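Peer 1: give me a model of this one.
(one chain, ligands or ions: 1)
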Amino acid sequence: MANNYDAWKVSVTDFEEQKSDYDKLLFFLRFGILAPSSHNSQPWEFQIDVEKLSINVFKSKVRVLPVGDPNDDLSYVSIGCTVENIVVTADYFGYTVSVVYEENPQIELCAILQFTQDHSKSIDSSHLIHQIKRRIVNRGKYEQRNLPDEFLEKIQKFSTTDHKVVLIQDSQTIADIGKIANYASIQLMSSYLFRRELSTHVKNNFTESYVGIPAFGMQIPGILSLIVPNLIKLFNMDKFSEKQNTALFTKYTPEIIVLTSKNNTKKDKLIIGRMYQNIALNAISQDIKTSPWGSVSVYSESNKELQKVLNTEFYPEFLFRIGYNNKDPHHSPRLLVNSVIKK
Ligand SMILES: Cc1cc2nc3c(=O)[nH]c(=O)nc-3n(C[C@H](O)[C@H](O)[C@H](O)COP(=O)(O)O)c2cc1C
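Peer 2: Take a look at the predicted model:
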């Protein structure tokens, strides 16, 4: 039996068993790797430096998407998500993490995390660590119910001079953005190479793979899931599902959030990933689900369209639907932590 879902079995109570600094840092990573990533590619690798009590976070040379994400935009956002999980976890156990971002896109290093044990372990039951295992991407239909004002106010305060949380609630604008997002997906899917790459990441529901998205994550049941990778490779499925995807935005998306940045650099994408993950954790604490739409980040024509609709000079880095849907799929698989430690 494959243990491709075992990564989710980590528990905060297991920390007590971690005696050495190495084991403690490794333990933080076990929560880090539960982060979302594009195509569930898990494009991260880690190097633990016990002497310095630090972790170097790298972009994997292998688990990236050369066709779907040629500039690694989505990989950096994904790596930002894992960094946020690590920071949240370490904070819970009494460590402050200072994050130094590597700005050069030519090298794999993305961030250096420096840990300082400077406060006591949290006893706060509302600490975000408790949401890491609950968070899941829910691609379903969201209820036409507005999100609580105090939640929206809280996440809008995450905006900084260089990074903005842009909230879209107006139904016409949501429909316009839906059109742009769907167009981007259809355009990307019109390339055979894109479909071939995606088809290696979409798995049947019985998969023993540690990466990729089992079809149940897209509400596709057992037997049908067996042919889904082939269907994706052969056909532009987004064209077939254009009508449903349009309705997803017009009828079943009460709110959209776009995270934008001023400078559109590698560092910005890492920071945007951290923002998304923090929003997703805050959201799930109130049973609110999120669902990213990566195609608009990488298909530049649509990205410019989105920028026009948002009426901003800032670069739209990451778009996600947000709302209520209480039918969650099973978690997606994860590599075990030892497989993502850089040798
Ligand atoms: C940067 C990024 C881009 C993503 N883009 C998409 C997308 O375009 N469509 C989609 O359905 N899911 C997208 N996702 C969600 C991933 O597929 C999902 O995180 C992954 O399969 C792992 O599942 P989980 O988040 O439920 O654990 C994206 C996630 C990230 C972090």
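Peer 1: next, the contact list for the residue in the stretch 201-343 of the chain that the ligand sits nearest to, please.
Peer 2: Using CB to the nearest ligand atom, the closest approach of the stretch 201-343 of the chain to the ligand is made by G294 at 2.9 Å. The way it works is simple: take the backbone N, C-alpha and C, and place the C-beta from them, glycine included. G294 makes contact with S38, G68, D69, L74, F318 under the criterion CB atoms under 8 Å, 6 or more residues apart in numbering.
Peer 1: now swap in T265 and tell me
Peer 2: Residues in contact with T265, defined by CB under 8 Å, 6+ apart, are E103, P105.
Peer 1: keep only the contacts of G294 that also lie close to the ligand.
Peer 2: Among the contacts of G294, the residues that sit close to the ligand (CB under 6 Å from any ligand atom) are S38, L74.
Peer 1: out of the contacts of G294, which is nearest to K157?
Peer 2: F318 (17.9 Å; CB to CB).
Peer 1: isn't there a strand covering the closest one?
Peer 2: Yes - the assignment for F318, made by DSSP: H, G, I helix; E, B strand; the rest coil, places it in a strand.
Peer 1: how would you label the nearest residue to N326 once chain neighbours are set aside: helix, strand or coil?
Peer 2: Once flanking residues are discounted, N326 sits nearest to D287: 7.0 Å by CB to CB, 6 or more residues apart in numbering. The local conformation at D287, judged by three-state DSSP, is coil.
Peer 1: so what's the residue count around the closest residue to M237 other than its chain neighbours?
Peer 2: Closest residue in space to M237, ignoring its immediate chain neighbours: L231 at 6.2 Å, by CB to CB, 6+ apart. Using other CB atoms under 10 Å, the number of residues around L231 comes to 16.
Peer 1: which SSE is L231 in?
Peer 2: Under the criterion of DSSP states H and E, L231 resides in helix 228-234.
Peer 1: please apply the same query to E45.
Peer 2: strand 44-49.
Peer 1: can I get that strand in PDB, CA atoms only?
Peer 2: Output of strand 44-49 as PDB, limited to C-alpha atoms (Å, rounded to 0.1, in the frame of the first residue of the first chain):
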ATOM      1  CA  TRP A  44      10.000  22.900  -3.000                       C
ATOM      2  CA  GLU A  45      13.100  21.500  -1.400                       C
ATOM      3  CA  PHE A  46      14.600  22.300   1.900                       C
ATOM      4  CA  GLN A  47      18.100  22.300   3.500                       C
ATOM      5  CA  ILE A  48      18.300  22.300   7.200                       C
ATOM      6  CA  ASP A  49      21.300  24.000   8.800                       C
END
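Peer 1: can you name the residues bridging to I112?
Peer 2: N56, V100 (DSSP bridges).
Peer 1: so what's whatever residue of the stretch 101-250 of the chain ends up closest to the ligand bridging to?
Peer 2: Nearest residue of the stretch 101-250 of the chain to the ligand (CB to the nearest ligand atom) works out as V137 at 3.7 Å. For V137, the beta-bridge partners under DSSP bridges are T290.
Peer 1: is it true that it touches I284?
Peer 2: No - counting by CB atoms under 8 Å, V137 does not reach I284; the two are 10.5 Å apart.
Peer 1: circling back: phi and psi next, for the residue nearest to N326.
Peer 2: phi 60, psi 30 (degrees, to the nearest 10).
Peer 1: kindly report the same for N236.
Peer 2: Per-residue torsions, N236: phi -80, psi 80 (degrees, to the nearest 10).
Peer 1: quick one, what contacts the closest residue to it other than its chain neighbours?
Peer 2: Once flanking residues are discounted, N236 sits nearest to M189: 4.5 Å by CB to CB, 6+ apart. By CB under 8 Å, 6+ apart, the contact list for M189 reads R195, L198, N236, M237, D238, K239.
Peer 1: any idea how the protein splits into domains?
Peer 2: Structural domains annotated on the chain: 6-136, 149-190+236-323, as defined by automatic domain parsing.
Peer 1: so for F206, which of those domains sits nearest?
Peer 2: It's domain 6-136; of those, that one is closest to F206 (CB to CB) at 16.1 Å.
Peer 1: check whether V88 really touches I132, as I assumed.
Peer 2: Yes - using CB under 8 Å, V88 is in contact with I132, at 6.9 Å.
Peer 1: quick check: neighbours shared by the two?
Peer 2: Residues within reach of V88 and of I132 at once, by CB under 8 Å, 6+ apart, are F31, L281.
Peer 1: related to what we said a few turns ago, of the contacts of M189, buried ones?
Peer 2: Members of the contacts of M189 that pass the buried threshold by neighbour count (16 or more other CB atoms under 10 Å) are listed as R195, L198, N236, M237, D238.
Peer 1: distance of F318 relative to Y142?
Peer 2: 18 Å (CB to CB, to the nearest Å).
Peer 1: thinking again about what came up before, how about the strand holding E45 and the ligand, touching?
Peer 2: No - using CB under 6 Å from any ligand atom, strand 44-49 stays clear of the ligand, coming no nearer than 11.1 Å.
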